[in-house]
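Engineer: Pasted the sequence and its predicted model underneath.
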Amino acid sequence: MKALCRVSKAARTKGDETFSIHRMENLPVELFQAVLTIIALQDGNDYTTPRDPLRNLMNVSHVCSQWRAIALQASEAWAALHLDVHSTCTPWLEEILRRTRGQPLNISTTIVDNGRDYSSPQWVMTFNEFHRIETISIIIEEVIPLEPLEKVLGQPAPLLRQFELKYDPDDYISDSFPEEMRLCPSGPLFASHAPWLRALELNHCYIDLRCQAVSNLTALLYVTTPQADDARLHARQWGEALSYMPNLEELYLFFIADGPPCSVHVQLKKLRMLWLMGNHRNVQALYSGLDVPDICDTTLSTTIDGTPEVFGEVGSLLVQEAFNSLPYHHMAFKSTESAFSVGARHGNTKRCTKRSFTDSNLAPLREHYLSRLLRSLSRRGSLLASNTRIGLTALQLDFDVRYPDDPGDREELCGDLAHFMSMFPRVESLALGSPTIKTVIIPIFQQWPPTLWTEDEDLYRAAPILFPSLKELIAPVEVLEDDHMRAIVESYALWRKDMGLPILVIYRDDVPIY
């Protein structure tokens with residue numbers, strides 16, 4: 001927009017109307033699109049004012065008449081507009097449809113509610129042009145009759161590439177999936193055989209996808225709530241649906257329902273991004289039936305039922321299973337009060353793998369959960385321990401847990417942490433989050449930990465051998481604003497130097513996530 005203003009000012013200074021118009025016509029279409037967007041907002045948002053909208057269309061104070069005249073004639077800019085049906089006045093919408101006649105349309109995120117339902121002039125005009133829509137995103141804010149929408153989605157849509165349908169009321173607090181938002185199971189969207197449909201997003205809206213018409217999809221996002229059992233598909237049903245989608249490159253499924261495991265072997269050879277969410281049994285029941293390439297970035301977000309011991313055992317198995325195929329070069333371990341996650345990136349293929357899990361009852365993950373998990377991950381014979389010793393050179397630790405007050409709990413947590421960190425002898429770069437520095441990690445590195453009881457000294461005699469190859473420590477820049485955390489980091493660096501293992505301390509605005 002600054003460039004737009006400079007050119008406009010230069011044109012007025014020149015006083016040469018022909019020259020300035022010629023120069024402006026050669027500008028990028030994005031500038032004209034920006035002007036049209038301003039015009040649309042100023043002309044369209046005031047549709048409730050009792051004055052002639054057509055008169056308003058001709059009077060925009062923030063855009064000079066010359067820019068306006070040229071932008072209104074820029075056919076490429078008109079075609080590039082992302083149209084918001086909900087907030088566009090009828091005359092302006094008519095103008096857009098008229099000037100783009102015969103060209104593809106892009107409908108940006110727009111809302112359907114009582115004020116702007118399917119019978120409004122805006123939607124009637126838009127749906128009459130459904131045959132030339134390339135992208136459309138609809139947010140439904142309240143339960144409405146779906147027959148008109150099913151009728152529209154049954155029309156020919158030869159140009160449709162991306163479709164998003166989201167049920168998202170402002171006061172959405174229901175635990176159950178609204179039966180009224182289940183579209184015709186036959187898949188009305190595909191009754192028209194939209195041959196170019198590549199991306200589909202369904203958010204709290206259900207369409208049965210087990211049909212041949214979805215074979216061209218390259219991206220699918222399916223979102224429901226954990227309680228919406230009547231709308232979620234279980235692993236076997238998803239296996240059946242995905243068997244129709246061999247061209248998928250991106251797949252996001254939140255949440256997977258309880259049910260039988262995937263009974264077919266689904267080959268997704270083009271998949272580059274996979275994210276599954278649900279109970280760990282349900283996620284595994286589907287994931288075990290998927291054949292994805294090694295370069296696919298994979299995230300499995302799961303819930304685990306049981307005690308801290310069960311959480312640690314199951315979480316450890318999930319992590320080891322995820323990282324037993326390749327020697328990863330970069331790994332990140334992160335914990336919050338609600339979740340624990342492990343992410344890794346293989347340096348050669350750039351493949352990213354992530355596992356995250358929470359307690360199924362959403363119970364806070366106290367230090368006992370973290371302790372049990374780290375203990376299971378680092379026990380003798382652990383596949384993770386074997387692989388990390390091979391090629392891991394960069395590690396991130398971000399444990400947001402409180403430091404235990406009880407001496408016994410403190411000894412247990414720090415002992416498990418020390419043993420866990422002994423798995424990484426070749427790590428050269430270590431990144432730490434702020435809570436990790438202040439409450440858990442750094443104290444166990446020091447010979448005389450200031451925050452530990454003296455009877456714990458024997459526990460840390462092995463501290464000098466932790467990270468013997470370390471060359472740099474990366475910390476958040478906010479550490480510089482906290483005298484206590486800064487002192488901890490600097491004292492650790494001095495301690496390493498005294499031990500003959502000097503490191504470089506780096507402060508960054510954004511600590512890298514591997």
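Structural biologist: Sure thing, it's come through.
Engineer: CA atoms for contacts and neighbours, from now on please.
Structural biologist: Will do.
Engineer: Please enumerate residues in contact with stretch 216-227?
Structural biologist: If you take CA atoms under 8 Å, 6 or more residues apart in numbering as the criterion, stretch 216-227 is touched by 175-177, 195-205, 231-232, 245-255, 257, 278.
Engineer: Now the buried members of the residues you listed.
Structural biologist: Neighbour-count burial within these applies to 177, 195, 197-205, 231-232, 245-255, 257, 278; the criterion is 16 or more other CA atoms under 10 Å.
Engineer: Can you flag which of the residues you listed belong to strands?
Structural biologist: Secondary structure from DSSP state E places 199, 200, 201, 202, 203, 250, 251, 252, 253, 254, 255, 278 of those in strands.
Engineer: would JSON lines of those residues with distance to residue 294 and pLDDT be doable?
Structural biologist: Formatted as JSON lines, those follow (distance: CA to CA, whole Å; pLDDT from 0 to 100):
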{"residue": "199", "distance to residue 294": "23", "pLDDT": "92"}
{"residue": "200", "distance to residue 294": "25", "pLDDT": "91"}
{"residue": "201", "distance to residue 294": "25", "pLDDT": "90"}
{"residue": "202", "distance to residue 294": "28", "pLDDT": "88"}
{"residue": "203", "distance to residue 294": "29", "pLDDT": "86"}
{"residue": "250", "distance to residue 294": "14", "pLDDT": "97"}
{"residue": "251", "distance to residue 294": "15", "pLDDT": "97"}
{"residue": "252", "distance to residue 294": "18", "pLDDT": "96"}
{"residue": "253", "distance to residue 294": "20", "pLDDT": "95"}
{"residue": "254", "distance to residue 294": "23", "pLDDT": "90"}
{"residue": "255", "distance to residue 294": "24", "pLDDT": "85"}
{"residue": "278", "distance to residue 294": "23", "pLDDT": "90"}
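Engineer: Pipe these into TSV and attach distance to residue 470 per row.
Structural biologist: As requested, these are arranged in TSV below (distance: CA to CA, whole Å):
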residue	distance to residue 470
199	45
200	46
201	45
202	47
203	46
250	37
251	38
252	37
253	39
254	39
255	40
278	37
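Engineer: which among those residues gets closest to residue 496?
Structural biologist: Proximity of these to residue 496 (CA to CA) peaks at residue 278, which lies at 43.5 Å.
Engineer: Am I right that that closest one is in contact with residue 259?
Structural biologist: No. With the criterion set as CA atoms under 8 Å, residue 278 and residue 259 do not qualify as a contacting pair; they are 11.9 Å apart.
Engineer: Ends of stretch 420-427, what's the gap?
Structural biologist: Between the opening and closing residues of stretch 420-427 lies a distance of 13 Å (CA to CA, to the nearest Å).
Engineer: Okay, now the unreliable bits of the stretch 151-300 of the chain?
Structural biologist: In the predicted model, the stretch 151-300 of the chain carries pLDDT under 70 at residues 169-193, 225-231.
Engineer: at 90 what do you get?
Structural biologist: Per-residue confidence of the stretch 151-300 of the chain (counting by pLDDT under 90) places the weak regions at 151-160, 163-197, 202-216, 223-233, 255, 257-259, 263, 294-295.
Engineer: Please enumerate the strands of it.
Structural biologist: Assigned by DSSP state E, counting those that start in this stretch, the strands in the stretch 151-300 of the chain fall at 162-167, 199-203, 219-223, 250-256, 266-267, 273-279, 290-291, 297-304.
Engineer: Could you do the stretch 351-500 of the chain as well?
Structural biologist: With DSSP E, counting those that start in this stretch, the ranges of strands along the stretch 351-500 of the chain come out as 352-359, 394-399, 429-432, 472-476.
Engineer: Throw those into CSV and include mean neighbour count, thanks.
Structural biologist: Rendered in CSV, the data for the strands of the stretch 351-500 of the chain read as follows (neighbours: other CA atoms under 10 Å):
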stretch, mean neighbour count
strand 352-359, 23
strand 394-399, 22
strand 429-432, 22
strand 472-476, 20
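Engineer: Including distance to residue 271 and mean pLDDT, could those go into a markdown table?
Structural biologist: Output for the strands of the stretch 351-500 of the chain, formatted as a markdown table (distance: least, CA to CA, whole Å; pLDDT from 0 to 100):
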| stretch | distance to residue 271 | mean pLDDT |
| --- | --- | --- |
| strand 352-359 | 13 | 87 |
| strand 394-399 | 27 | 90 |
| strand 429-432 | 30 | 92 |
| strand 472-476 | 33 | 93 |
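Engineer: Looking at those strands, spot the one closest to residue 332.
Structural biologist: With CA to CA as the measure, strand 394-399 is the member of these nearest residue 332 (4.4 Å).
Engineer: how does this structure divide up, domain by domain?
Structural biologist: 1-80, 318-514 (automatic domain parsing).
Engineer: Give the burial count for the closest residue to residue 497 other than its chain neighbours, as a bare number.
Structural biologist: In space, and not counting its chain neighbours, residue 497 is closest to residue 503: 7.3 Å by CA to CA, 6 or more residues apart in numbering. Other residues near residue 503 come to 19 when the count uses other CA atoms under 10 Å.
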